[in-house]
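Asks: Sequence plus predicted model, see below.
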Amino acid sequence: MKAVEKELRARNLRLLALLAALFLLPLAVAFWVYYGTDWRPVRTVNHGELISPVRPMPATHLQPAVETDAAAGELFHHKWSLVYIGDGQCDDACRNALLVMRQTRLSLNNEMARVERVFLVTSNCCARDFLAHEHPGLRVFLAEGDSVLNVFPVEARAQSLFIVDPLGNLMMRYDVRQDPKGLLQDLKKLLSLSHIG
């Protein structure tokens, strides 16, 4: 009888050890992968390129390029800003970027008042008739030679839209040649998670 009890006990211990291994082994592997290796998942949930660390915008005294626009004193503060940087004559890349900005902001519906559109003109100011007719409400500023331009990455600037948070931090770049739905999804997430702006 004792031999049968011993065998039953040994079998129960093996079963318990097997069940413990089934639960603890994946946990041990996860800890090892996370803390013991440099591997991290490549996939991110954002569509734009995060600028890390964020870059604070300097105080600026940009001159408005359109007479109806207010001075730049509150620029990049209190609202989320979609920013495009380019030549004031606005070639095809510029027109596409401004169109993406306008349509993305309109697609935000009730949240659109929390986002402003800003065009920083680097030279040849400006195609005023086009801007006034096609992009009412767009804030246009002369930025040629201003230190604010040094904050924005230079590479692929003509195909880039930038997002500046309401605290005045440049935090994301978006390639306008991609599907604009990605920019809209990123902005919706930012606005839903943020209680500022």
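Replies: Perfect, I can see it now.
Asks: and the chain, what are its domains?
Replies: 1-43, 49-193 (automatic domain parsing).
Asks: rank those by pLDDT, which is bottom?
Replies: Sorting the domains of the chain by mean pLDDT places domain 1-43 lowest, at a mean of 82.
Asks: Need the domains of the chain in CSV (columns: mean neighbour count).
Replies: The way it works is simple: take the backbone N, C-alpha and C, and place the C-beta from them, glycine included. Formatted as CSV, these follow (neighbours: other CB atoms under 10 Å):
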stretch, mean neighbour count
domain 1-43, 9
domain 49-193, 17
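Asks: the longest helix in this structure is where?
Replies: helix 2-36 (DSSP state H).
Asks: ok, then the element right after that one?
Replies: Sequence-wise, the next helix or strand downstream of helix 2-36 (DSSP states H and E) is strand 49-56.
Asks: ok, whichever helix or strand comes after that next one: who's next to it in the sheet?
Replies: Remark: after strand 49-56, the chain's next helix or strand is strand 63-64, criterion DSSP H and E. Applying DSSP bridges, strand 63-64 is found paired with strand 139-142 (antiparallel).
Asks: I figured residue 101 hits residue 84, correct?
Replies: Yes. Between residue 101 and residue 84 there is a contact at 6.3 Å, judged by CB atoms under 8 Å.
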